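# Sequence below, structure please.
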Amino acid sequence: MNAPVTSFTTVANLATRTSDYALVAPAGFAMDNKGLWHSKSEGNQAEKIADPFVVRGLARDPKGHGWGIVLEWKDHDRISRRWIISQANLIGGGADVFRPLVHAVLRISPKAPHIRLLKEFFLGLTCNMRVRLVKQAGWYGRAFVLPTITIGNTDGEQVMFDGSAEAARYGSEGSLEDWNSTVAAMCAGNTRAVFACSVAFAGPLNDLLQEEGGGFHFVGSSSVGKTTLLTAAGSAFGGGGRMGYAHSWHATENGLESIARAHSGTLLVLDEMGQADNRSIGNTVYMLINGSGRARATRNAELKGQASWRIMLLSSGEVTLANKIAEGGRHPRAGQLARMVDVPADAGQGYGAYEDTKGMDPAVFSEELKNAALRTYGTAGPAFIQGLAGDPTAVERAARIRIREITRRLLDGIAPSDGQAHRVAARFALVAVAGELAQEILDLPWAEGAAEHAALVCFNAWREARGGEGPGELVAAMEALRATIQSHGESRFRNLEPIASTDPSVPMQHGAIYDLLGYRFTHNGELMWGFTATGWKKVVGSVGQPSTVAKLLAENGVLVTSADPACRLSKRIDGRPQNLIAVKASALED
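Numbers count the residues shown, from 1 in each chain. Okay, here's the model as predicted:
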């Protein structure tokens, strides 16, 4: 047997020792470079309890709750491992609290007495080093916390991520110089690619500004290069998976909460929206962008802490968000379409998502860019954060000024009443400023003004694809009305008269109509779709307050109204007057 050990020491090369670090083990326990030992009394033969590890400190959350012990050790491959043991879980029988340690190859004695002794050791040790645990990635004070590292000034306190590190594919391969000379260089001259990478850098900047998160959805055909854009952007922070840094939209809402927390303050990439559940996609977008998970209760009916995060979301798909929501039988809300905006992926130059393929065939260029991003990744994002962390207060002040300048340029010629455009423009401006900062900090091989130009081009593409000017509620309401008339104009609207002026063969309808939405009739020679109060609420209720939507449409000449503050038209039906929301058919055709 080994000789007894009487002093507690940390193992060299596992942790950085500080001059004020002090750790006192309970009586009878000691550590050497072979492991943790216990002896019943001085001079007695010691028994080995576990392989060697280091106690980094006693940890707690930002509110001072959830105390635990931070351990570090090296596995059989000499790779550093870390785990936080909850002190509360050390109470009671069983060895489940140590399973994660064994899973990561910290060998402990399986004997029941030794398990009890290991619990006694952890419950009895004292340490003056403190660690702050945060549940989501992102800025904490002047430090930026990632699952793998903490960047910046922690004001003398260790700060660590306490969540599922596997939920995000952070990691690195190659150098920043490699990434600049391959991925960044190939993106140069391509507005969608420069914009996508700038969205990645916008995550840390937006978290520093503590603004609402936002998303961009590249939409287009399967061969246009959408996935390559996402792969290139994700390579700023990580990779290593089959899709690089990206995840799939095909995930449960609970799973996305964990994924979102791990990506807080950085970039969340979700590929192929077509795989998402069309019944819940709208709520999922709200949850991801609003940065708050569901409220849940404990067994004692007490409210658990809600998960929170702040992300920039980059997505792709062959259908727009509005169409995806419509597939689930719902109408998109203006708020959903403002939170994640559709950007056509095709740059319109005949090269798919690109304008400059460096002399290559577009398909070959896209594949080369994607492969470069899969080979070299994870260096640009942390280096960018390191640059921001030098003086985050000055960065914040300068960024806000620059965002306002670019926002004004983007909004040139857009009516002040178009609140959605103003909100979206500010987010495009944020991306432009992030790209500019990244170009300066990382010495990116992009032309001067490339990030702002890319944001302007993509913003204008969004405006064109949006299909209308004006407040988002107006655009969404018009789309909802068009979809309803196209799908149910013949089946859920009672025809009050033959449309004699155009087609005398169309008969009047006298029978009952299932789930009636309203009536079809002419007024002053113009075809009208007159919605009942119930039908109007069904169609536009998901867009906004029905009365507010009606007023907005009336102000824009879409409705015909009587002298009625509720924007209704009085129409005699079956001998009785009814008040209808009367929509001009010609307005929908426009």
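
# Quick one: distance of the lengthiest helix in the chain to the chain centre.
Counting by DSSP state H, the longest helix found in the chain is helix 419-442. Distance of helix 419-442 from the chain centroid (Cα atoms, centre = their mean, to the nearest Å) equals 17 Å.

# Tell me the helices and strands packed up against it.
Applying 3 or more Cβ pairs under 8 Å, 6 or more residues apart in numbering; DSSP states H and E, we find helix 419-442 packed against helix 191-209, strand 214-219, helix 334-339, helix 380-389, helix 392-410, helix 450-466, helix 472-488. The C-beta positions use only the backbone N, C-alpha and C, and glycine is treated the same way.

# quick one, which of these is packed in tightest?
Highest mean neighbour count among the helices and strands packed on helix 419-442 (mean count of other Cβ atoms under 10 Å): helix 191-209, with a mean of 28.

# and it with helix 419-442, angle?
Comparing the axes of helix 191-209 and helix 419-442 via axes from the mean of the first three to the mean of the last three Cα atoms, to 10 degrees yields an angle of 90 degrees.

# ok so, going back, now the helices and strands packed on helix 419-442 as JSON lines including distance to residue 281 and mean pLDDT?
Below are the helices and strands packed on helix 419-442 laid out as JSON lines (distance: least, Cβ to Cβ, whole Å; pLDDT from 0 to 100):
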{"stretch": "helix 191-209", "distance to residue 281": "20", "mean pLDDT": "98"}
{"stretch": "strand 214-219", "distance to residue 281": "11", "mean pLDDT": "96"}
{"stretch": "helix 334-339", "distance to residue 281": "9", "mean pLDDT": "82"}
{"stretch": "helix 380-389", "distance to residue 281": "27", "mean pLDDT": "97"}
{"stretch": "helix 392-410", "distance to residue 281": "27", "mean pLDDT": "97"}
{"stretch": "helix 450-466", "distance to residue 281": "18", "mean pLDDT": "94"}
{"stretch": "helix 472-488", "distance to residue 281": "15", "mean pLDDT": "83"}
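
# Now do the longest strand along the chain, average pLDDT.
Among the segments of the chain that qualify as a strand by DSSP state E, the longest is strand 576-584. In this model, strand 576-584 has an average pLDDT of 93.

# hmm, back to that, indicate which one of the helices and strands packed on helix 419-442 is closest to residue 576.
Nearest of the helices and strands packed on helix 419-442 to residue 576, taken as Cβ to Cβ: helix 472-488 at 24.0 Å.

# so how far is the helix or strand that comes right after that closest one off the chain centroid?
Downstream of helix 472-488, the next assigned helix or strand under DSSP states H and E is strand 493-495. Centroid separation for strand 493-495 versus its chain: 44 Å, with Cα atoms, centre = their mean.

# Pull up the pairing partners for strand 493-495, direction included.
strand 518-523 (parallel) (DSSP bridges).

# What is the neighbour count of residue 53?
Residue neighbour count, defined by other Cβ atoms under 10 Å, stands at 23 for residue 53.

# What does it show for phi and psi?
Dihedral angles of residue 53 (phi, psi; degrees, to the nearest 10) stand at phi -150, psi 170.

# Show me how the chain divides into domains.
With domains defined by automatic domain parsing, the chain comprises 1-134, 176-391+415-420, 472-589.

# Quickly compare those domains and say which is most buried.
Scoring the domains of the chain by mean count of other Cβ under 10 Å, the most buried comes out as domain 176-391+415-420, with a mean of 21.

# Now do that one: distance to the chain's middle.
Offset of domain 176-391+415-420 from its chain centre (Cα atoms, centre = their mean): 7 Å.

# rewinding a little: name the strands paired with the longest strand of the chain and say parallel or antiparallel.
strand 526-531 (antiparallel), strand 559-560 (antiparallel), strand 569-573 (antiparallel).

# and these as CSV, adding mean pLDDT?
Shown next, in CSV, are these (pLDDT from 0 to 100):
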stretch, mean pLDDT
strand 526-531, 95
strand 559-560, 94
strand 569-573, 91
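
# Would you mind saying which of those lies nearest residue 396?
Of those, nearest to residue 396 by Cβ to Cβ is strand 559-560, at 45.6 Å.

# hmm, who's touching the closest one?
523-524, 526, 528, 550, 553, 567, 569, 581-584 (Cβ atoms under 8 Å, 6 or more residues apart in numbering).

# Out of these, which comes closest to residue 407?
Distances from residue 407 to the contacts of strand 559-560, taken by Cβ to Cβ, are shortest for residue 553, at 28.0 Å.

# Can you tell me the closest non-neighbouring residue to residue 433?
Distances taken as Cβ to Cβ, 6 or more residues apart in numbering place residue 402 nearest to residue 433, at 4.8 Å, with adjacent residues excluded.

# That neighbour reaches residue 431, doesn't it?
No - using Cβ atoms under 8 Å, residue 402 is not in contact with residue 431; the gap is 11.9 Å.

# sorry, back to before: can you list the helices and strands packed on helix 419-442 in JSON lines and add distance to residue 562?
Formatted as JSON lines, these follow (distance: least, Cβ to Cβ, whole Å):
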{"stretch": "helix 191-209", "distance to residue 562": "48"}
{"stretch": "strand 214-219", "distance to residue 562": "42"}
{"stretch": "helix 334-339", "distance to residue 562": "28"}
{"stretch": "helix 380-389", "distance to residue 562": "59"}
{"stretch": "helix 392-410", "distance to residue 562": "41"}
{"stretch": "helix 450-466", "distance to residue 562": "32"}
{"stretch": "helix 472-488", "distance to residue 562": "20"}
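
# and residue 89, which of the ones you listed is closest to it?
Of all the helices and strands packed on helix 419-442, helix 191-209 sits nearest to residue 89, with 31.2 Å by Cβ to Cβ.

# Output that closest one as PDB - backbone C-alpha positions only.
What follows is helix 191-209, C-alpha atoms only, in PDB (Å, rounded to 0.1, in the frame of the first residue of the first chain):
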ATOM      1  CA  THR A 191     -23.200  41.000 -50.500                       C
ATOM      2  CA  ARG A 192     -25.100  38.000 -49.000                       C
ATOM      3  CA  ALA A 193     -22.000  36.400 -47.800                       C
ATOM      4  CA  VAL A 194     -20.600  39.600 -46.200                       C
ATOM      5  CA  PHE A 195     -24.000  40.200 -44.600                       C
ATOM      6  CA  ALA A 196     -24.200  36.700 -43.200                       C
ATOM      7  CA  CYS A 197     -20.800  36.900 -41.600                       C
ATOM      8  CA  SER A 198     -21.600  40.400 -40.300                       C
ATOM      9  CA  VAL A 199     -24.700  38.900 -38.600                       C
ATOM     10  CA  ALA A 200     -22.400  36.600 -36.700                       C
ATOM     11  CA  PHE A 201     -20.400  39.500 -35.400                       C
ATOM     12  CA  ALA A 202     -23.600  41.400 -34.600                       C
ATOM     13  CA  GLY A 203     -24.500  38.900 -31.900                       C
ATOM     14  CA  PRO A 204     -21.800  40.000 -29.400                       C
ATOM     15  CA  LEU A 205     -22.300  43.700 -30.300                       C
ATOM     16  CA  ASN A 206     -26.100  43.500 -29.800                       C
ATOM     17  CA  ASP A 207     -25.600  41.700 -26.500                       C
ATOM     18  CA  LEU A 208     -23.300  44.500 -25.400                       C
ATOM     19  CA  LEU A 209     -25.900  47.100 -26.400                       C
END
